[in-house]
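Q: Fold the following and give me the result.
(one chain, ligands or ions: 1)
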Amino acid sequence: MDGRRENIIAAISVITLVILIVIARVALKLSKPFFLIFGAGVAVILAVFAYLLLSTRYNRRRRLLESQLKSEGQELRIEYSFLKKVAGVPIKFRYKELEEATDGFQALIGKGASASVFKGILDDGTSVAVKRIDGEERGEREFRSEVAAIASVHHVNLVRLLGYCNAPIAPRYLVYEYVSNGSLDCWIFPKRSSQRRRGGCLSWNLRYTVAIDVAKGLAYLHHDCRSRILHLDVKPENILLDENYRALVSDFGLAKLVGKDESLKFVSAIRGTRGYLAPEWLLEQGISDKTDIYSYGMVLLEIVGGRKNVSYMDDEKAKSKRKWQYFPKIVNEKVREGKLMEIVDHRLLEGGGVDERQVKTLVYVALWCVQEKPRSRPSMAQVVDMLEGRVRVELPPDTRMVLVDFLGVDDSATDSSSKPRVGFVSNQRAQSDVECSSTYSLATTVMSGR
Ligand SMILES: Nc1ncnc2c1ncn2[C@@H]1O[C@H](COP(=O)(O)OP(=O)(O)OP(=O)(O)O)[C@@H](O)[C@H]1O
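A: Okay, the predicted model is just below:
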């Protein structure tokens, strides 16, 4: 009850009692009933005063506590949102917020095998990339592994997950920081005339820093996280470039968290992308961090050559007979022949500024990474040391590269970005263990090299 109201009620009751006593005095004189009424009246007045005293004290104390709690609550809220910002804990978004941020999912900035990515701007002005994960069961699996893998990691070379939205019925969404220069493939492979995309020809210096950035991001995942994280889909389409062309590893949809003390090798259904898959995975001999290192080596070769590792031969006759070139094998031969510079992206050689020593380092490291035996490959931490010049890079052993995965394909097969990931049905494996049943057949073949 409000204090002022209490006082008014008390005053009215006291005045009423006094009036009653006065009336009783006039009506009853000093008789016995008068003294009874008088006594009762005084007792009531005393009780009203006692009540007033206690309730005023109680209210004052309650108001004090309330204001204390309010200010503490506010402090806690400020502290919580500060901690959230500092720790980078992913936020849960409402579908409506994402719809507003992307203006109804208008600006599509990328599309992969399992997701569409839209540009958006949050209320506070932050630019974001909103990834809508398509597909029911697979979507759920990719969503979970992506959140589990990236929610807890923070590194300058890993794309930052700002939040997620998993409203019932609607597709699942992941909200990432927006990385303004798109993916690496647009910056190293020549643009096809039909393509309308951002990009250009990345300079040699920037290619070298990108190689180091990606190695650092992967080294962090392999060595410095609480559980070892295997990316399992390292390819140029999953490497993003920011406004300063620093590289960030993205797309953790296939990532696996492995306990630090867990066996280094384990079996997993073949997924990932054609052209970057390590032989041990194709041969179902178990995967490990060395599987990522193989894919990284394949990406390094594409960075140096500015071309896909698996491509059609240029001449039309060969094309009609489906003759392939396997760039890693060409690189291996050129290295042995001492003609290293012949494999460098021609567009870079025309412009000059290619450091031959760096080319040698990058190519040697790449050939170490794509060694067929996983144990011959370096760790990601060693790769960083080699690229940054702390460790000398020896000439890698000659590899036969007899095992090449490629698909029974059509013309667009050299563009992995437009293709579903590889699905592989093994005789021994249950169908449910297979990542996706694409229309492609996976073949293992001996490549001619050129
Ligand atoms: N944070 C981001 N900022 C800017 N562009 C992005 C971002 N995330 C993704 N993209 C763009 O969207 C494309 C597809 O994204 P992503 O690779 O995550 O999808 P996906 O379906 O998981 O791909 P995949 O085919 O490897 O399964 C990327 O190649 C890139 O061009």
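
Q: Just name whatever secondary elements the top helix by length along the chain is in contact with.
A: Using DSSP state H, we find that the single longest helix of the chain is helix 32-87. Secondary-structure packing of helix 32-87 (3 or more Cβ pairs under 8 Å, 6 or more residues apart in numbering; DSSP states H and E): helix 3-28. (C-beta placed from N, C-alpha, C; glycine too.)

Q: Between helix 32-87 and the helix it packs on, find me the angle.
A: On the basis of axes from the mean of the first three to the mean of the last three Cα atoms, to 10 degrees, helix 3-28 is oriented at 180 degrees to helix 32-87.

Q: Check the offset of helix 3-28 from the chain's centre.
A: Using Cα atoms, centre = their mean, to the nearest Å, the mean C-alpha position of helix 3-28 is found 75 Å from that of the whole chain.

Q: tell me what it is packed against?
A: helix 32-87.

Q: Quick check: next helix or strand after the helix it packs on?
A: strand 91-92 (DSSP states H and E).

Q: Listing partners with orientation, what would you give for that following strand?
A: Partner strands and pairing direction for strand 91-92 (DSSP bridges) are strand 161-165 (parallel).

Q: how about the strand it pairs with as CSV, C-alpha atoms only?
A: Only the C-alpha atoms of strand 161-165 are listed here, as CSV (Å, rounded to 0.1, in the frame of the first residue of the first chain):
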residue,chain,number,x,y,z
LEU,A,161,30.1,-17.5,-36.3
LEU,A,162,28.0,-14.7,-34.8
GLY,A,163,24.8,-16.8,-34.3
TYR,A,164,22.3,-19.3,-35.5
CYS,A,165,18.6,-19.8,-35.9
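
Q: For the following helix or strand past that strand, which outside residues touch it?
A: Per DSSP H and E, strand 161-165 leads on to strand 172-177 as the next helix or strand towards the C-terminus. With contact meaning Cβ atoms under 8 Å, 6 or more residues apart in numbering, strand 172-177 is reached by 90-91, 93, 95, 98, 120, 126-133, 139-140, 143, 146-147, 159-166, 250.

Q: Burial check on residue 96, number of neighbours?
A: By the criterion of other Cβ atoms under 10 Å, residue 96 has 10 neighbours.

Q: Which helix or strand contains it?
A: Following DSSP H and E, one finds residue 96 within helix 95-101.

Q: Return the residues of the stretch 51-200 of the chain in contact with the ligand.
A: Residues of the stretch 51-200 of the chain lying near the ligand by Cβ under 6 Å from any ligand atom: 109-110, 112-115, 117, 129, 131, 159, 176, 178-179, 182-183.

Q: how about the residues you listed, which pair is most distant?
A: 113 and 178 (21.2 Å; Cβ to Cβ).

Q: who has more neighbours, the two?
A: Higher neighbour count among residue 113 and residue 178: residue 113, with 24 against 19, using other Cβ under 10 Å.

Q: Provide the backbone phi and psi angles at the more buried one.
A: When read as degrees, to the nearest 10, the backbone of residue 113 gives phi -70, psi -30.

Q: What pLDDT does the model give it?
A: At residue 113, the predicted lDDT confidence score is 78.

Q: Same check on residue 287?
A: Residue 287 carries a pLDDT score of 82 in this model.

Q: if I read this right, it contacts residue 281, doesn't it?
A: Yes: counting by Cβ atoms under 8 Å, residue 287 does reach residue 281; the two are 5.3 Å apart.

Q: Just say helix, strand or coil for residue 329.
A: Under DSSP: H, G, I helix; E, B strand; the rest coil, the three-state class of residue 329 is helix.

Q: Isn't it up against residue 398?
A: No: the pair residue 329 / residue 398 is not scored as a contact, 10.8 Å apart, by Cβ under 8 Å.

Q: the more surrounded of those two?
A: Legend: neighbour count by other Cβ under 10 Å for residue 329 and residue 398, higher for residue 329 (19 against 11).

Q: how much space is there between the more buried one and the ligand?
A: 25 Å (Cβ to the nearest ligand atom, to the nearest Å).

Q: For residue 202, grab the count of nearby residues.
A: Applying other Cβ under 10 Å, we find 23 residues neighbouring residue 202.

Q: One more: the one 5 residues further on?
A: Residues lying near residue 207 (other Cβ under 10 Å) number 26.

Q: Assign it to one of the three secondary structure states.
A: Residue 207 falls in the helix class when you classify it by three-state DSSP.

Q: so it makes contact with residue 302?
A: No: contact criterion Cβ under 8 Å: residue 207 and residue 302 do not qualify, at 10.1 Å.
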